[in-house]
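Sequence first, predicted model second:
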Amino acid sequence: MHFDYFTVMNITPLLLLLLAHLTTDFLLQNKKWVADKNTNKIRSPFLYLHVGLTGLVAYLFLGRWTSFGWPLLIVITHYLIDTWKIYQKKDNLFIFLIDQFFHVLVLTICWLGMTDQFGIFLNQLKSFIGNDSNLIYFLGFLFVTWPAAFIISKFTQPWRNQLEKENIQSLEEAGKYIGVLERLLVLVFVLLQQNGAIGFLVAAKSIMRFSEKSENKLREKTEYILIGTLSSFSLALATGLIVKMATT
C-alpha cells in the first residue's frame, strides 16, 4: 500500500498541534480535574485551567510568536467541545470518540489555515478518494467490521440459541468487539504479508480458550467460541486475499 498523497504538504504544524493536544488532554489533565469538571460543569475552575493550557501549549509548540489567532481559536473550540461533553448523560467510548474527532478536526482546520494549504489538501484528498485501490482497501476494512460481524452472528445463531437455553452467558457483546478487532488484525497481517503473525494470533487465542475450558468445564461454550473464531478468521483471510488480488 502506498499512501504518499499528502507527502507534498507541510504537515509539521499539524504534528505539533496533535502533540500539544495529546499533552494537554491526557498528560497534563489528571483524574481530579476530570471529576471536578463532570461534577461542577461550567463552574469548575479546572475546565478553564485546562482550556487555557490547551491554547498556551499549542502556542508554545507552534513557535509562531506573533500569531495568536489560531491558539485563540483552539481555546474557544476546545471550551465548546469540552462543555458539550461534560453535559452528556453518559461518558462512554462513543462520546469520547466524538469529542476527540472534533478536537482533531479543529486542529486540522487550523493547520490548513495557518499554512494556506486548503486547496492542496482538497486536491490530494480528491486524488486519494478517486484511486480504485484505495477504495478497495477501504471496502475491505469496512467489510470485516460490522458486516462480517452480522454474517458470523447469523451463522452461529443456532449454537448461541442452544447456549442461551442452557443459561450459559458471557459478557454482553464482548464477542462481537473481539471479533471485529481480530478480523482487522488478520486483514492488516495479510496485506502486510505477515502470515506468521496470524499464526501467533491463532495460537494465543487457542491457549486462552483452552484455559477457559479447563477452568469452567463449559465444553459447549468452548466449541461455540471455536466455531465463531474459525469463521471470523476465515472471513478475514478471504477478504485480505481478495483485496490483495484486486489491488495488484
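Everything's here; your move.

C-alpha from now on. contacts and neighbour counts both.
Fine.

average model confidence for stretch 94-107?
Averaging the model's pLDDT scores along stretch 94-107 yields 95.

For it, list the C-alpha coordinates in CSV.
Extracted in CSV, the C-alpha atoms of stretch 94-107 (Å, rounded to 0.1, in the frame of the first residue of the first chain):
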residue,chain,number,x,y,z
PHE,A,94,-18.7,6.8,21.7
ILE,A,95,-18.8,10.2,23.5
PHE,A,96,-15.1,10.1,23.9
LEU,A,97,-14.5,9.4,20.2
ILE,A,98,-16.9,12.2,19.1
ASP,A,99,-15.1,14.6,21.5
GLN,A,100,-11.7,13.6,20.1
PHE,A,101,-12.9,13.7,16.5
PHE,A,102,-14.0,17.4,16.8
HIS,A,103,-10.8,18.3,18.6
VAL,A,104,-8.7,16.8,15.8
LEU,A,105,-11.0,18.4,13.1
VAL,A,106,-10.4,21.8,14.6
LEU,A,107,-6.6,21.2,14.7
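
can you give me the offset of it from its chain's centre?
Stretch 94-107 sits 11 Å away from the centroid of its parent chain (Cα atoms, centre = their mean, to the nearest Å).

From the rest of the structure, what touches that stretch?
By Cα atoms under 8 Å, 6 or more residues apart in numbering, the list of residues contacting stretch 94-107 from outside reads 14, 17-18, 74, 77-78, 81-82, 85.

can you give me the helices in this structure?
Along the chain, counting by DSSP state H, helices occupy 12-22, 31-40, 45-62, 69-86, 93-115, 118-129, 132-143, 146-165, 174-191, 195-216, 219-247.

would a markdown table of these with mean neighbour count be doable?
Output for the helices of the chain, formatted as a markdown table (neighbours: other Cα atoms under 10 Å):
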| stretch | mean neighbour count |
| --- | --- |
| helix 12-22 | 19 |
| helix 31-40 | 15 |
| helix 45-62 | 19 |
| helix 69-86 | 18 |
| helix 93-115 | 15 |
| helix 118-129 | 13 |
| helix 132-143 | 16 |
| helix 146-165 | 15 |
| helix 174-191 | 19 |
| helix 195-216 | 13 |
| helix 219-247 | 18 |
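
least reliable of those helices going by mean pLDDT?
helix 195-216 (a mean of 62).

center of this protein - which residue?
Nearest to the mean C-alpha position of the chain, by Cα atoms, centre = their mean, lies residue 97 at 7.8 Å.
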